[in-house]
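Undergrad: Predicted model and sequence follow; I will ask about them next.
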Amino acid sequence: MLPMWDDALRERDCMVQAIDAFQSRASSFMMEYREYLESDAWAEIRQKVIKRDGGLCQACLDAPAVDVHHLTYDNMGHEFCWQLVAVCRPCHERIHGRKL
């Protein structure tokens, strides 16, 4: 005879619900982030940060900066310039753990 309640199944169900909620929030964030990166507001602050950093990658100090990296996403859309850093593409890929 099966027990009336299985704690392992309940824990698994709670974990599945938590994972689904996390994935939904992550998907929503990524959509909002992509839209923001295409905005005039992002283009303006991106140019300010590259100018502030002298057009030089602040990670390697060797290559021209072509990307701007968020040190935090806490104020996305209303960032302070000190929350952003100009970087070259290889360094940006490395920061995000992507293989070149």
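TA: Everything's here; your move. Residues are numbered from 1 along each chain as shown.
Undergrad: Now do the same contact list for Lys48.
TA: Applying C-beta atoms under 8 Å, 6 or more residues apart in numbering to Lys48 gives the contacts Cys81. Bear in mind the C-beta positions are built from the backbone N, C-alpha and C, glycine included.
Undergrad: so what pLDDT did it get?
TA: For Lys48, the model assigns a pLDDT of 98.
Undergrad: how close does it get to His78?
TA: To His78, Lys48 is 14 Å away according to C-beta to C-beta, to the nearest Å.
Undergrad: now for the lowest-mean-pLDDT helix or strand in the chain, which elements pack on it?
TA: Every helix and strand of the chain was ranked by mean pLDDT, DSSP states H and E. The lowest is helix 7-37, at a mean of 78. If contacts are counted by 3 or more C-beta pairs under 8 Å, 6 or more residues apart in numbering; DSSP states H and E, helix 7-37 sits against no helix or strand.
Undergrad: what angle separates the very next helix or strand once past it from helix 7-37?
TA: Per DSSP states H and E, the first helix or strand lying C-terminal to helix 7-37 is helix 40-52. If you take axes from the mean of the first three to the mean of the last three C-alpha atoms, to 10 degrees, helix 40-52 sits at 80 degrees to helix 7-37.
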